[in-house]
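Enquirer: Quick one: sequence and predicted model below, then my questions.
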Amino acid sequence: MSVLRPISHLGSRHARGGSGKFLFLFIGLILGGAGGYYWAYTHPPVPAATPFAQPGAMPGAQPYAIPSPAPVHPMPAATSTVPAVPDGFRRLDIKIRGSLSASLSKEIDGREADVLNAHLGRLMVWWLNPRRDVLRDDRLWTMYQPADLPEDFLLMGVCYQSRKLGKKFYAYSFKADGAVYTRFYDRSGREVEARLRQQPLGRYEQITERMNLAGRRHKGVDFKTAVGTPVFAPFRSRVLRRNWSTRNNGNCLELLYLDSGIHAFFLHLDKILDVAQPGTIVEPGTVVAHAGNTGRSTAAHLHYELHSPSGKLLDPFLVNEIEHQKLVGNDLLKFKEQRDRLDKWLAPEESADGSSLPPSGSKAARGQGG
Ligand SMILES: [Zn+2]
């Protein structure tokens, strides 16, 4: 089972037609001007596709602004409290039978199940061990926008009820004011993903692989980010070497963290800066390289890998300090509006109108006409 297969790998299996570029261009035109085009190109799915955009945030996006509350779904009485799914979106309410991947494949088309499985897995690694903790009769609610191209797929939110851990986990997509990327937050507005206090990248979209939690061996952490994003030395370091095994690693850099003796590998770099010469000492926060998509890599990301002084692989999230960012102020208010809208589909029992849960195991509800 490969719970956490990265989207980049899925994407490589599918032919990429020209239509995606036209879609990006179209979104770019809506947003207005070259800046909008650039934004849409680097982060295509988020703004135009979401029907949950904050009021007034996107003046040109009328066709996508699907209002809430949605009309009541014309279904049997037991499900009538769950509103209709907006056009182009899909909602699942399923019970786990076998793996997560197998459970999804019973409900939806295999390719869509693969993409959804990868997106869900990226969140679920922060809650449980997908290989051990996904049990029969666990329950999953999710809302998303399917897409022909994996990179256009948009996950709106998830609620996962774990029998083993005896609780429900929530993730809602939200883009904070001024943020570069949409991220996922729990009900209280706390980010689902942990962040390293001393991180190698200032900004990134998502951690797409965590070490060894993917059901396949993966030696490090993959940070999905744009080509050119500055890569820092997180700790005071000596530069050990650059550009070995470049066929796989692409442009790469090895640092020795002087306080801990930990060796850090940075792979698939676009460019290594002149400051990072072997033997040089660099201070924390020094930009040593730019993230890229070189070597065996199908999408821009930074592979960050740590080894103990004796050569043992280390999980950066276990050996280094971590934190979870929290939304505050106006962002938190807007987030709660978004959360409450999504709860109608993801968590009917928590939603503001007090409606009850739909019956378990109901089939995928499909937005009409999307
Ligand atoms: Zn990697």
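Expert: Now that the structure is in, tell me what you want to look at.
Enquirer: Can you tell me how far Glu254 is from the ion?
Expert: 15 Å (C-beta to the ion, to the nearest Å). Quick note: C-beta positions are derived from backbone N, CA and C, even for glycine.
Enquirer: again with Tyr172
Expert: In terms of C-beta to the ion, Tyr172 sits 27 Å off from the ion.
Enquirer: Enumerate every residue touching that residue.
Expert: Met156, Gly157, Phe184, Tyr185, Asp186, Arg187, Phe335, Gln338, Arg339, Leu342, Leu346 (C-beta atoms under 8 Å, 6 or more residues apart in numbering).
Enquirer: need the residues of this protein near the ion, please.
Expert: Residues of the chain lying near the ion by C-beta under 5 Å from the ion: Asp222, His303.
Enquirer: longest helix of the chain?
Expert: Longest helix in the chain, counting residues (DSSP state H): helix 329-346.
Enquirer: list the buried ones in that one?
Expert: 331, 334-336, 338-346 (16 or more other C-beta atoms under 10 Å).
Enquirer: What is the nearest of the contacts of Tyr172 to the ion?
Expert: Phe184 (20.5 Å; C-beta to the ion).
Enquirer: Let me see the contact set for the closest one.
Expert: Leu123, Ala171, Tyr172, Ser173, Phe174, Glu191, Val192, Glu193.
Enquirer: what pLDDT does it get?
Expert: Note for Phe184: predicted pLDDT of 98.
Enquirer: is it in a bridge, and if so with what?
Expert: On the basis of DSSP bridges, Phe184 is bridged to Ser173.
Enquirer: Tell me how the protein divides into domains.
Expert: The chain breaks down by automatic domain parsing into domains covering 7-18+76-193+326-366, 196-323.
Enquirer: Measure how buried the nearest residue to Lys326 once chain neighbours are set aside is and give me the count.
Expert: Among residues not flanking Lys326 along the chain, Arg190 sits closest, at 5.0 Å (C-beta to C-beta, 6 or more residues apart in numbering). Applying other C-beta atoms under 10 Å, we find 11 residues neighbouring Arg190.
Enquirer: Correct me if wrong: Arg190 contacts Glu323.
Expert: No: using C-beta atoms under 8 Å, Arg190 makes no contact with Glu323, being 10.2 Å away.
Enquirer: May I have the phi/psi pair for His263?
Expert: phi -100, psi 130 (degrees, to the nearest 10).
Enquirer: so how far is Tyr257 from it?
Expert: 8 Å (C-beta to C-beta, to the nearest Å).
Enquirer: did I read that right, Glu151 in a strand?
Expert: No: assessed with DSSP: H, G, I helix; E, B strand; the rest coil, Glu151 is helix; it does not lie in a strand.
Enquirer: Can you give me the neighbour number for the residue in the stretch 101-250 of the chain that the ion sits nearest to?
Expert: Closest residue of the stretch 101-250 of the chain to the ion, C-beta to the ion: Asp222 (4.1 Å). By other C-beta under 10 Å, 27 other residues sit near Asp222.
Enquirer: can you start the count at 41 instead of 1 from here on
Expert: Got it, first residue is 41 now, which makes that one Asp262.
Enquirer: now Leu160, what's its secondary structure?
Expert: helix.
Enquirer: what sits against it?
Expert: Taking C-beta under 8 Å, 6+ apart as the test, what Leu160 contacts is Leu140, Leu144, Leu180, Thr182, Leu195, Val198, Tyr200.
Enquirer: Now for Gly138, how many residues are close by?
Expert: Using other C-beta under 10 Å, Gly138 is surrounded by 12 other residues.
Enquirer: Kindly report the same for the one 4 residues further on.
Expert: As a burial measure, Ala142 scores 13 neighbours (other C-beta under 10 Å).
Enquirer: okay, and for this protein, where does confidence drop off?
Expert: Within the chain, the set of residues satisfying pLDDT under 70 comprises 41-120, 252-256, 391-410.
Enquirer: Nearest to the ion: which residue in it?
Expert: The ion sits closest to His343 of the chain, with a gap of 3.5 Å, by C-beta to the ion.
Enquirer: name the element that residue belongs to?
Expert: strand 341-347 (DSSP states H and E).
Enquirer: Check which helices and strands that strand sits against.
Expert: strand 261-264, strand 303-312, strand 353-354, helix 356-359 (3 or more C-beta pairs under 8 Å, 6 or more residues apart in numbering; DSSP states H and E).
Enquirer: what sits up against it?
Expert: 48, 240-241, 244, 248, 259-265, 269, 271, 302-309, 331, 333, 337, 353-356, 359.
Enquirer: Who is Phe278 paired with across the strands?
Expert: If you look again at residue 278, you'll see it is Arg, not Phe. Applying DSSP bridges, one finds that Arg278 bridges with Leu296, Ile321.
Enquirer: er, Cys199 I mean
Expert: Beta-bridge partners of Cys199, as defined by DSSP bridges: Trp181, Tyr210.
Enquirer: Next, count neighbours for it.
Expert: Cys199, neighbours per other C-beta under 10 Å, totals 24.
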